[in-house]
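**Student:** coords please:
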Amino acid sequence: MFAALAAHPWAYPLLEVVHLVGLALVLGNLVLIELRVFGLGHTLIATDLARLSLILVAAGFGLLVTSGILMFATQAQELLASPTFAVKMSLMSLALCNAAWFHARGSLRLLDATARVQMVISTVLWLTVVAAGRWIAYE
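**Tutor:** The predicted structure follows:
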């Protein structure tokens with residue numbers, strides 16, 4: 001099955017499109033929440049906004065994981081040998097840990113300096129994940 005994905009002229013490009021849509025959903029909603037944490041849209045209740053945004057983030061992350069696994073399967077040996085791929089996966093793990101910390105400490109209710117630092121860390125990590133993902137193509 002994975003060989004067919006690699007060989008079909010449309011399969012891999014379509015997976016990349018799905019991956020980008022997932023990325024847009026994750027990053028777009030992350031920026032929305034970050035703006036709220038930094039005080040923009042202060043009339044919006046942060047937890048209500050996050051509840052709606054996190055549905056879209058979960059959908060986007062699902063697209064990212066599914067398309068990422070399928071793309072990985074078409075060239076697993078090359079990717080496992082790639083130091084950039086290892087960096088990307090490590091950064092993604094850190095981003096997920098940061099998100100878990102953000103929600104576990106109730107940062108959306110607190111909206112304090114720590115919440116703002118966590119949001120900046122999250123954005124930097126996710127943008128670095130994107131950069132690493134693009135860099136893999138040029139190794």
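**Student:** the longest helix in this protein is where?
**Tutor:** Looking across the chain with DSSP state H, the single longest helix is helix 46-74.
**Student:** Show me which positions of that helix end up buried.
**Tutor:** By neighbour count with 16 or more other CB atoms under 10 Å, helix 46-74 contains the buried residues 46, 49-50, 53-54, 57, 60-61, 63-64, 67-68, 70-71, 74. C-beta coordinates here come from the backbone N, C-alpha and C atoms, glycine included.
**Student:** List the contacts of whichever helix or strand comes after it.
**Tutor:** Next along the chain after helix 46-74, taking DSSP states H and E as the criterion, comes helix 76-80. With contacts defined as CB atoms under 8 Å, 6 or more residues apart in numbering, helix 76-80 is touched by 72, 85, 136.
**Student:** Swap in 6 Å and give it another go.
**Tutor:** Helix 76-80 is contacted from outside by 72, 85, using CB atoms under 6 Å, 6 or more residues apart in numbering.
**Student:** One more: stretch 110-122?
**Tutor:** For stretch 110-122, contacts defined as CB under 6 Å, 6+ apart pick out 34, 37, 98, 102, 107.
**Student:** Return a PyMOL selection command for the buried portion of those.
**Tutor:** Here is the PyMOL selection string for the buried members of the contacts of stretch 110-122, based on 16+ other CB under 10 Å:
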select buried, resi 34+37+98+102+107
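**Student:** any chance of the contacts of stretch 110-122 in a markdown table, plus secondary structure?
**Tutor:** Output for these, formatted as a markdown table (DSSP: H, G, I helix; E, B strand; the rest coil):
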| residue | secondary structure |
| --- | --- |
| 34 | helix |
| 37 | helix |
| 98 | helix |
| 102 | helix |
| 107 | helix |
